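Trainee: Give me coordinates for this.
(chains A and B)
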Amino acid sequence: MNLAGTWALFVKEVRRFYSVAVQTLFAPIVSTLLYLLVFGQVIDTQIEVFSGLDYSQFLIPGLVMMAVLQNAFANTSSSLIQSKMHGNLTFVLLSPISPLEFYVAFIAASVLRGVTVGLGILIVGIVGFDLSWQSPGWILLFAVLSAAMMGGLGMLAGILSDKYDHLAAFQNFIIMPLTFLSGVFYSIHALPSFWQAASHFNPFFYMVDGFRFGFFNQSDVSIYLSLGVTTAFLIALSAINLILLHKGVKIRG
Amino acid sequence: MSNSGIAVSFKNVRKEYKDVKALQGVSFDVEQGAFFGLLGPNGAGKSTLINSMSGLVIPTSGSIEVMGADVQSEFRKTRRALGLVPQELISDPFFSIRELLELQSGYFGLKGSTQTRWIDELLERLALADKAKANANTNQLSGGMKRRVLIAMALVHRPQVIVLDEPTAGVDVDLRRTLWEFTKELHKQGHTIILTTHYLEEAEALCDRVAIIQKGQLKALDSTEALLSKHPFRYLKVRVEKHSPELPEALTSRLVDQDAGGLTFKVEKETSMSQMLGWLHASGLQVADISSRDATLEEVFLDLTAEGAAA
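Mentor: This next block holds a predicted model:
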């Protein structure tokens, strides 16, 4: 195991997003807070999703998780496609770093970025909206697992994409719809029965629902089901990515 | 590690991309300490072979060993043993030159004052120190400077085998000379150098052994000296004072060049000089001077690859 090499690659990935922190950290925090401002303030008094809870309090964990998911995805996918386009992925490919170490370093960096952005929004939620939490362990677990899963999805998109256009398609036609239809803005019990059933096929729903459970001890489905689905997707994506990296698909000739 | 004296060993290496057979069973060895030239026309498979050796391409079949270790199953050993200067220019807009070298060192688990001194030395030797001090990143560099960075990146882990894929393509004369001086020094220090270049006079001057590949197959493999001496032709340059209106068939069939300096004939080595002189005399040419030389590597290369094209 090349631990020093893995650490160096992780550090490189972190420094990459940190060097453009306005774009990778602050911009997503601000744009997510705009959602909170618009939806939270306008709808706050009109909807009660969980009993005894303001809509904005319900909304904040969803928005935090949305930011975690989107930024974890963006980190691996954009880093990989940029490295492919500029050619500097070659430097890593020439080094004694195994596919597993490559994967771990990239995913760890994507988790850090996702969680950092989520934390920024959460702080605003706690300070500005009196948000409290019931089970911080579940919050942390779902944040990390979900970010890792989305980092894995970002890596898959980055590996398969040959140009920025492919990645944009992946982002706009898969990630965005699944995120917006995952229950970030609503409880699925508010949906017609067809869409309630459809939501159960969206893995993002389980991540949002499990994460929200950590705050309110209330959720649409069992926390263990959410944990199982999120973990299963993480394992499946990791397996796919490791096979692709091992075979060098679209990366090694 | 290898104790066989072989730095790189290719065994029946094949690489296929859908309908294209980039490498068709290439087998040969490069000895430790060699300055080895890998030559071939564009698209011959040189870069595919080099990239297969360094792990950037996974061959369809066959095996490659670097310093006695297999590039697939023992990739950590082989990547530590090998430094590749890729053909394509590479940039990274996020990091300065020094940061790139430090990160690359990190991938190999190298850090500390010894590594910092080595990075300083590389920057100095490749005339990158000023750019590094200015915190320049690769996007701000000219093509030649980017090439220098690639060389520094390839050497940052002090590999035993250094592979240069067209290192002088698009660089000016001054940098080309600097690169070759540096490369010769590395060779003297005991590094194995594998080089591809389109400047065949450079390969002739630098390489002690040469492989020529074409259409993914090995066309020739020998010491540069043997390759030149085995070539069945020599070249005769004839300076004339008065041209003959018509040359005999024996001369026209051997005439390869004609300019103000005279006529150049490509003559089979078994054709005696006296026979050639007889043809010249019979043609009525007034010969002012005559000189003979062996084929250059470029001429050998052109003959070998032209034969391949006709086959």
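Trainee: neighbours of residue 119, just the number please.
Mentor: Going with chain A. Using other CB atoms under 10 Å in any protein chain shown, A:L119 is surrounded by 14 other residues. In short, each C-beta sits where N, CA and C put it, glycine included.
Trainee: um, chain B though
Mentor: Neighbours of B:I119 (other CB under 10 Å): 22.
Trainee: tell me which element it is part of?
Mentor: Assigned by DSSP states H and E, B:I119 belongs to helix B:113-125.
Trainee: In chain A, where is pLDDT below threshold?
Mentor: By pLDDT under 70, the low-scoring segments of chain A are A:44-51.
Trainee: Next, find the distance separating B:R234 from chain A.
Mentor: According to CB to the nearest CB, to the nearest Å, B:R234 and chain A sit 42 Å apart.
Trainee: Those residues of chain A touching chain B, which are they?
Mentor: Within chain A, the positions adjacent to chain B are A:2, A:4-5, A:7-9, A:11-12, A:15-16, A:19-20, A:86-88, A:90-98, A:247-248, A:252-253 by CB under 8 Å from any CB of the partner chain.
Trainee: Which of these fall within helices?
Mentor: Applying DSSP state H to the residues of chain A next to chain B, the entries found in helices are A:4-5, A:7-9, A:11-12, A:15-16, A:86, A:90-93, A:247.
Trainee: Out of the residues you listed, give me the two with the largest separation.
Mentor: Greatest spacing in these, by CB to CB: A:R15 and A:K247 (28.9 Å).
Trainee: so A:T116 makes contact with A:F26?
Mentor: No - with contact taken as CB atoms under 8 Å, A:T116 and A:F26 are classed as non-touching, separated by 10.5 Å.
Trainee: for the spatially most central residue of chain B, phi and psi?
Mentor: Nearest to the mean C-alpha position of chain B, by CA atoms, centre = their mean, lies B:T196 at 2.6 Å. Per-residue torsions, B:T196: phi -110, psi 140 (degrees, to the nearest 10).
Trainee: Flag the shaky bits of the stretch 1-150 of chain B, pLDDT-wise.
Mentor: Across the stretch 1-150 of chain B, residues meeting the criterion (pLDDT under 70) sit at B:1-4, B:134.
Trainee: Contact partners for the closest residue to chain A within the stretch 201-311 of chain B?
Mentor: Going by CB to the nearest CB, chain A is nearest to B:G216 of the stretch 201-311 of chain B, at 13.9 Å. Shown in contact with B:G216 (CB atoms under 8 Å, 6 or more residues apart in numbering or on different chains): B:15, B:21-24, B:26, B:44-45, B:48.
Trainee: Please apply the same query to B:A250.
Mentor: Residues in contact with B:A250 (CB under 8 Å, 6+ apart) are B:W279.
Trainee: Could you tell me how far it is located from B:A282?
Mentor: Distance, B:A250 to B:A282, by CB to CB, to the nearest Å: 9 Å.
Trainee: now swap in A:S110 and tell me
Mentor: 82 Å.
Trainee: More neighbours: those two, which one.
Mentor: Set A:S110 next to B:A282 and count neighbours by other CB under 10 Å: A:S110 wins out with 31 against 13.
Trainee: what helix or strand does that one sit in?
Mentor: Assigned by DSSP H and E, A:S110 falls within helix A:99-129.
Trainee: which helices and strands sit right next to that helix?
Mentor: When contacts are defined as 3 or more CB pairs under 8 Å, 6 or more residues apart in numbering or on different chains; DSSP states H and E, helix A:99-129 sits against helix A:3-18, helix A:27-35, helix A:55-86, helix A:136-160, helix A:223-247.
Trainee: How about the residues of the stretch 51-200 of chain B by chain A?
Mentor: By CB under 8 Å from any CB, the residues of the stretch 51-200 of chain B that approach chain A are B:51-52, B:54-58, B:75-77, B:79-80, B:82, B:84, B:86, B:88-95, B:99-100, B:103-109, B:111, B:153-154.
Trainee: Which of those residues are buried? Put it as a PyMOL command.
Mentor: Command for PyMOL that selects the buried part of those, burial taken from 16 or more other CB atoms under 10 Å in any protein chain shown:
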select buried, chain B and resi 51+52+54+55+56+57+58+75+76+77+79+80+82+84+86+89+90+91+92+94+95+99+100+103+104+105+106+107+108+109+153+154
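Trainee: Out of the residues of the stretch 51-200 of chain B next to chain A, which sit inside strands?
Mentor: Taking DSSP state E as the definition of strands, these contribute B:82, B:84.
Trainee: Next up, the contacts around the closest residue to A:G253 other than its chain neighbours.
Mentor: Leaving aside its sequence neighbours, A:G253 sits nearest to B:V57 (CB to CB, 6 or more residues apart in numbering or on different chains; 3.0 Å). By CB under 8 Å, 6+ apart, the contact list for B:V57 reads A:248, A:252-253, B:15, B:48, B:51.
Trainee: A:I139 too?
Mentor: A:61, A:133, A:211, A:214-215.
Trainee: again, only using 7 Å
Mentor: Shown in contact with A:I139 (CB atoms under 7 Å, 6 or more residues apart in numbering or on different chains): A:133, A:211, A:214-215.
Trainee: Show the buried residues in the residues you listed.
Mentor: For the contacts of A:I139, a burial check counting by 16+ other CB under 10 Å picks out A:211, A:214-215.
Trainee: nearest to B:F10, of those?
Mentor: A:F211 (53.1 Å).
Trainee: B:E65 looks like it's in a strand, true?
Mentor: Yes - counting by DSSP: H, G, I helix; E, B strand; the rest coil, B:E65 is found in a strand.
Trainee: Pull the number of nearby residues for it.
Mentor: With other CB under 10 Å as criterion, B:E65 counts 21.
Trainee: now it, nearest residue through space, not along the chain?
Mentor: B:S9 (4.5 Å).
Trainee: Extract the CA atoms of the helix or strand harbouring B:H187 and return them as PDB.
Mentor: Assessed by DSSP H and E, B:H187 sits inside helix B:173-188. Provided in PDB are the C-alpha atoms of helix B:173-188 (Å, rounded to 0.1, in the frame of the first residue of the first chain):
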ATOM      1  CA  VAL B 173      18.100  24.700 -31.300                       C
ATOM      2  CA  ASP B 174      19.400  26.000 -28.000                       C
ATOM      3  CA  LEU B 175      17.000  24.000 -25.900                       C
ATOM      4  CA  ARG B 176      17.600  21.000 -28.100                       C
ATOM      5  CA  ARG B 177      21.400  21.200 -27.400                       C
ATOM      6  CA  THR B 178      20.800  21.700 -23.600                       C
ATOM      7  CA  LEU B 179      18.500  18.700 -23.600                       C
ATOM      8  CA  TRP B 180      21.000  16.400 -25.300                       C
ATOM      9  CA  GLU B 181      23.800  17.500 -23.100                       C
ATOM     10  CA  PHE B 182      21.700  16.800 -20.000                       C
ATOM     11  CA  THR B 183      20.600  13.400 -21.500                       C
ATOM     12  CA  LYS B 184      24.200  12.500 -22.300                       C
ATOM     13  CA  GLU B 185      25.200  13.300 -18.700                       C
ATOM     14  CA  LEU B 186      22.400  11.100 -17.300                       C
ATOM     15  CA  HIS B 187      23.500   8.300 -19.600                       C
ATOM     16  CA  LYS B 188      27.100   8.700 -18.400                       C
END
